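> Sequence and predicted model, in that order:
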Amino acid sequence: MELPWWAIALPAVVFAALLLLLVGPSDAQAAEGSTGHVARFVVLLRDSIVQLLS
């Protein structure tokens, strides 16, 4: 039985996002002008999804 690509990609993305939240909780209170690792990851994820869907 062959799984579709998203059946592997989505859990991997969720795992990575949760791992980033656990590793860098101090990013939530980052100073003005600096973006934390989580924010950069979310932007990269959003851009990747937009590119895949277009």
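Everything's here; your move. All figures in this text were calculated on a predicted structure; none of them were measured in a lab.
> Can you point out the helix or strand that includes L10?
In this assignment (DSSP states H and E), L10 forms part of helix 5-23.
> helices or strands up against that helix?
Helix 5-23 is packed against helix 37-53, with contacts defined by 3 or more C-beta pairs under 8 Å, 6 or more residues apart in numbering; DSSP states H and E. All C-beta spots, glycine's among them, are computed from the backbone N, C-alpha and C.
> what angle separates the helix it packs on from helix 5-23?
Regarding helix 37-53 and helix 5-23, their directions subtend 170 degrees when assessed with axes from the mean of the first three to the mean of the last three C-alpha atoms, to 10 degrees.
> Remind me what helix 37-53 packs against, helices and strands.
Using 3+ C-beta pairs under 8 Å, 6+ apart, the elements in contact with helix 37-53 are helix 5-23.
> got the contact list for the helix holding L10?
Residues outside helix 5-23 that contact it (C-beta atoms under 8 Å, 6 or more residues apart in numbering): 37-38, 41-42, 45.
> export those to TSV and tack on neighbour count and pLDDT?
Output for the contacts of helix 5-23, formatted as TSV (neighbours: other C-beta atoms under 10 Å; pLDDT from 0 to 100):
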residue	neighbour count	pLDDT
H37	14	75
V38	17	73
F41	18	80
V42	14	80
L45	13	83
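> mind listing what's buried in the helix holding L10?
L20 (16 or more other C-beta atoms under 10 Å).
> How far does that helix sit from its chain's centre?
Remark: helix 5-23 is offset 7 Å from the chain centroid, using C-alpha atoms, centre = their mean, to the nearest Å.
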